[in-house]
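> sequence unknown, structure follows:
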DNA sequence: CTCCTTGGTCAACGGTTGTTGACTTTCAAG
DNA sequence: CTTGAAAGTCAACAACCGTTGACCAAGGAG
């Protein structure tokens, strides 16, 4: 059953995603979101309760990690690197989550559970043990790249082409996933 | 010539560093800094003009990248990885800069110039061309690790020992710095 | 048409923030 | 001791924030 207010709800959600992604959690105001959506700030509160809840609805993240069991073992690093580059075209959710999670402990906890829940199961299908450590290492390189390219905008990282990224980051991810167990 | 107010100035600076590091730029208030330093908020304004200027004085970052010309070529990745782990004990400056730079464009620009100015000259002494790209790649892995370990606190990354980090990140940094030129 | 749920607007609240200026205290130089 | 600059206090400002409740408009059901 479609409600009459669904278009408004959607407009709020899209405006919220853009604002949270570009401004972070604290700098994003309910008033600005409402103005972008062309409605009154009170509507945002009516439909989403409060700012925190609006964020958690707007920043529901699906990494869409590819199924690595169908990929030749030697290529999984490259496939993963290419996926990282293409995953965020037209989807600002990760940027919103990253910008907000850095200063908001509750959102940081959300990121921890998202990466653990979505990366762990994929890593376990290809890795020779030390699954959590490997998933963590992949996260450091993927998030570090996302941070430097899309948020901090380090010029040499922004300048890299998809093929550059595959050739440089691919072997790194490959090693984090397939290198034989390293004892501590 | 030592001023009578130097202790107060220093107390403000230390309180500011801690607050900016743990709360980020927007959540840190002049009032909280003043309370930590045990003085009146007006003193902060008197000595540092405004919040933005106080931050730029408090978050003056020196990476202290080691001189790699004295290190055996095969070990520079490991040396760099170990340095990253030990550099931030008792110095919250990078955390402050990272937390703030993610939502504040001016501070992001500061980070860009800091990493370019301090990492570039070291990379150029060991790398076979493509210096900026290599420095950028090193930044992605180093900042990604810092982000996941100290800010987002991903459990497997927090659990890693110094030796774990050297063994996992060392080869990555080594490759980013010494791998023969990769064409685009 | 009437009624009542739903969608939407408006103005205001209490609180917090960065910042300012007037005021008082401290203290060393004359 | 006197004096005047420096150090520090206090109260308030203007702006902005999230949030609320009273109010109006629409539109389908009976």
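Happy to help now that I have it. Worth saying up front: this structure is predicted, and the values here are computed from it rather than measured. Numbers count the residues shown, from 1 in each chain, chains lettered A, B, ... in the order given.
> Quick one: check stretch A:85-96 for contact with chain B.
No: using C-beta under 8 Å from any C-beta of the partner chain, stretch A:85-96 never reaches chain B; the gap is at least 9.7 Å. Where C-beta positions appear, they are placed from N, C-alpha and C, glycine not excepted.
> average pLDDT for that stretch?
Here stretch A:85-96 scores 93 as its mean pLDDT.
> Endpoints of that stretch, how far apart?
One end of stretch A:85-96 sits 17 Å from the other (C-alpha to C-alpha, to the nearest Å).
> List of residues touching it?
A:17-18, A:20-22, A:55, A:58-61, A:63-64, A:146, A:150-151, A:162, A:165-166 (C-beta atoms under 8 Å, 6 or more residues apart in numbering or on different chains).
> Would you write a PyMOL line that selects the buried entries of these?
To isolate the buried ones among these in PyMOL, judged by 16 or more other C-beta atoms under 10 Å in any protein chain shown, type:
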select buried, chain A and resi 17+18+20+21+55+58+59+61+63+146+150+151+165+166
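> Where do the domain boundaries of chain A fall?
Per automatic domain parsing, the structural domains of chain A span A:6-58, A:68-178.
> export these to JSON lines and tack on distance to residue B:46?
Below are the domains of chain A laid out as JSON lines (distance: least, C-beta to C-beta, whole Å):
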{"stretch": "domain A:6-58", "distance to residue B:46": "26"}
{"stretch": "domain A:68-178", "distance to residue B:46": "28"}
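> between those domains, which gets nearest to DNA strand D?
domain A:6-58 (3.3 Å; C-beta to the nearest atom of the strand).
> can the strand or helix carrying residue A:168 be found next to chain B?
For residue A:168, the element it lies in under DSSP states H and E is helix A:162-178. Yes: on the criterion C-beta under 8 Å from any C-beta, helix A:162-178 is in touch with chain B at A:163, A:164, A:167, A:168, A:171, A:172, A:175, A:176.
> I'd say the fifth one and residue A:77 touch.
Read it as residue A:171. Yes: contact status for residue A:171 versus residue A:77: in contact at 5.9 Å, counting by C-beta atoms under 8 Å.
> Show me which residues of chain A sit near DNA strand D.
Residues of chain A lying close to DNA strand D (C-beta under 7 Å from any atom of the strand) are A:4, A:28-32, A:41-42, A:44-45, A:50-52.
> Low-confidence ranges, chain A, go.
Applying pLDDT under 70 to chain A flags residues A:1, A:182-184.
> Smallest gap between chain A and chain B, at which residue?
residue A:144 (1.8 Å; C-beta to the nearest C-beta).
> For that residue, which non-adjacent residue is spatially closest?
Spatially, and ignoring its direct neighbours in sequence, residue A:144 is nearest to residue B:144 (1.8 Å; C-beta to C-beta, 6 or more residues apart in numbering or on different chains).
> The one you found: neighbour count?
Applying other C-beta atoms under 10 Å in any protein chain shown, we find 24 residues neighbouring residue B:144.
> The one 5 residues further on now?
Look at residue B:149: counted by other C-beta under 10 Å, it has 21 neighbours.
> unless I'm mixing things up, it is touching residue B:157, no?
Yes: counting by C-beta under 8 Å, residue B:149 touches residue B:157, with 4.6 Å between them.
> So which residues on chain A come close to DNA strand C?
Residues of chain A that fall close to DNA strand C, judged by C-beta under 7 Å from any atom of the strand: A:3, A:4, A:5, A:7, A:8, A:39, A:40, A:41, A:42, A:43, A:46.
> quick one: which of those is nearest to residue A:83?
residue A:7 (32.6 Å; C-beta to C-beta).
> burial of that closest one, as a residue count?
Neighbour tally, residue A:7, other C-beta under 10 Å: 11.
> do residue A:74 as well
When neighbours are counted by other C-beta under 10 Å, residue A:74 comes out with 9.
> nearest residue to residue A:116 other than its sequence neighbours?
residue A:135 (7.1 Å).
> Next: residue A:130.
residue A:181 (5.7 Å).
> what's near enough to touch that neighbour?
Residue A:181 sits next to A:128, A:129, A:130 when contact means C-beta under 8 Å, 6+ apart.
> Those residues in helices, which ones?
Judged by DSSP state H, the contacts of residue A:181 include no members of helices.
> neighbour-wise, which of the residues you listed leads?
Highest neighbour count within these, by other C-beta under 10 Å: residue A:130, with 21 neighbours.
> Now it: phi and psi?
phi 50, psi 50 (degrees, to the nearest 10).
> isn't residue A:84 right next to residue A:145, touching?
Yes: under the criterion of C-beta under 8 Å, residue A:84 makes contact with residue A:145 at 6.7 Å.
> Pull out the buried residues from the helix or strand hosting residue A:82.
Taking DSSP H and E as the criterion, residue A:82 maps to helix A:76-87. By neighbour count on 16+ other C-beta under 10 Å, the buried set for helix A:76-87 is A:76, A:77, A:78, A:79, A:80, A:81, A:82, A:83, A:84, A:85, A:87.
> same question, stretch A:102-109
Neighbour-count burial for stretch A:102-109 flags A:102, A:103, A:104, A:107, A:108 (criterion: 16+ other C-beta under 10 Å).
> Adding secondary structure, write those out as a markdown table.
A markdown table is the format used below for those (DSSP: H, G, I helix; E, B strand; the rest coil):
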| residue | secondary structure |
| --- | --- |
| A:102 | coil |
| A:103 | coil |
| A:104 | coil |
| A:107 | helix |
| A:108 | helix |
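> Of those residues, which is the nearest to DNA strand C?
Proximity of the buried residues of stretch A:102-109 to DNA strand C (C-beta to the nearest atom of the strand) peaks at residue A:103, which lies at 13.5 Å.
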